[in-house]
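> structure here, sequence nowhere to be found:
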């Protein structure tokens, strides 16, 4: 049989052997503050690394697209005996019917400049957009000879 005290009080509030009510188990304010400080330190270390990762990912996506555009320009040269220029419209024409990937268009403005001559030349430029994670970085260029500038940014740094 159960006693009256056991039937009327919730289980966690049952009297202990000495007649006192059991205290609830929880965290003290000091313990919570220590955890908050540790999480804050970890966030302060991790956030800059995450920002650098996002920059490298955006840069890599733009460079991959630029290499694809350079291959398409070479094919265009074989078909038409000249490179296709005209800024952003040339990018759209070369990629047609596929649009510029959103991870690239969100961070960079792409354009192609072509010059007729002997031999004809082209330069693909990716300019970082203001207000994005890559704002303030230098523009990337790739030409018909495969020259990639700035060199340090094409090496995955």
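Here it is on my side, so go on. Keep in mind that this is a model prediction, so the values were computed, not measured.
> so what's the spatially most central residue of the chain up against?
Nearest to the mean C-alpha position of the chain, by Cα atoms, centre = their mean, lies residue 54 at 3.0 Å. By Cβ atoms under 8 Å, 6 or more residues apart in numbering, the residues touching residue 54 are residue 133. For every residue, glycine as well, the C-beta is placed using N, CA and C.
> list the buried ones in stretch 123-138?
By 16 or more other Cβ atoms under 10 Å, the buried positions in stretch 123-138 come out as 123, 124, 125, 126, 127, 128, 133, 134, 137.
> who does the second one form a beta bridge with?
To tie it back to what came earlier, the one meant is residue 124. Taking DSSP bridges, one obtains residue 112, residue 142 as the residues bridged to residue 124.
> how close does it get to residue 108?
According to Cβ to Cβ, to the nearest Å, residue 124 stands 11 Å off from residue 108.
> now do the strands in this structure.
Ranges of strands within the chain are 108-115, 121-128, 140-143, 148-149, based on DSSP state E.
> can you put those in CSV and add mean pLDDT and distance to residue 41?
Putting those into CSV (pLDDT from 0 to 100; distance: least, Cβ to Cβ, whole Å) gives the following:
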stretch, mean pLDDT, distance to residue 41
strand 108-115, 94, 34
strand 121-128, 96, 31
strand 140-143, 95, 35
strand 148-149, 94, 39
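> between the ones you listed, which gets nearest to residue 44?
Closest approach to residue 44 among the strands of the chain (Cβ to Cβ): strand 121-128, 25.9 Å.
> from the rest of the structure, what touches that closest one?
Contact with strand 121-128 is made by 62-63, 65-66, 69-70, 73, 83-85, 91, 104, 107-115, 134-137, 139-144, as judged by Cβ under 8 Å, 6+ apart.
> again, only using 6 Å
Residues from elsewhere that reach strand 121-128 (Cβ atoms under 6 Å, 6 or more residues apart in numbering): 62, 66, 69, 73, 83, 108-115, 134-135, 137, 139-144.
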